[in-house]
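*Asks:* Sequence below, structure please.
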Amino acid sequence: MIEKGLDPNIKPERPRPAPFRSLKWGLLIGGAGLGLFVGFGLFFEGVIGLSGAPFLSTDIGPVVLIGVGVVVLALGVFRRRPPTT
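*Replies:* Below you'll find the model as predicted:
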């Protein structure tokens, strides 16, 4: 490197590709899709009863769903985020 006049502290112009970046995003988006699929399936079968009697037809079903929604909303609002630099 010294013979060519290169400094070892200089970073290359092109950043190196991050390993497993495609795998990480693929698993993340696949998991989100699977979660949405299962969530909508449970909603349409359990609450609406699309193919028969709904299994969440008791009085506790809507209370549980509202409670889960409140917890998710509270986590989204009150979760501490690291400061951006």
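*Asks:* Going by C-alpha atoms from here, please, whenever you check contacts or count neighbours.
*Replies:* Noted.
*Asks:* Grab the most central residue of the chain for me.
*Replies:* Geometric centre of the chain, nearest residue: A32, 5.5 Å, by Cα atoms, centre = their mean.
*Asks:* what about the longest helix in the protein?
*Replies:* If you go by DSSP state H, the chain has its longest helix at helix 21-43.
*Asks:* packing partners for that one?
*Replies:* Of the remaining helices and strands, none touches helix 21-43 by 3 or more Cα pairs under 8 Å, 6 or more residues apart in numbering; DSSP states H and E.
*Asks:* Below-threshold pLDDT in the chain: ranges please.
*Replies:* By pLDDT under 70, the low-scoring segments of the chain are 1-2, 6, 10-12, 15-16, 56-58, 61, 85.
*Asks:* Report how many residues lie close to R80.
*Replies:* The number of residues packed near R80 is 8, by other Cα atoms under 10 Å.
*Asks:* Make residue 1 into 111 and carry on from there
*Replies:* I'll keep to 111 as the first residue from here, and by that count the last item is R190.
*Asks:* Tell me how far it lies from A184.
*Replies:* Per Cα to Cα, to the nearest Å, R190 is found 11 Å from A184.
*Asks:* next one: E123
*Replies:* E123 sits 43 Å away from A184, going by Cα to Cα.
*Asks:* okay, those two: which has more neighbours?
*Replies:* The neighbour count for E123 versus A184, taken as other Cα under 10 Å, is higher for A184 (11 against 6).
*Asks:* and the gap between the more buried one and P129?
*Replies:* Taken as Cα to Cα, the span from A184 to P129 is 34 Å.
*Asks:* What's the separation between the residue nearest to the centre of the chain and V173?
*Replies:* Computed with Cα to Cα, the distance linking A142 and V173 is 25 Å.
*Asks:* same question, G145
*Replies:* As for G145, its distance to V173 is 21 Å (criterion: Cα to Cα).
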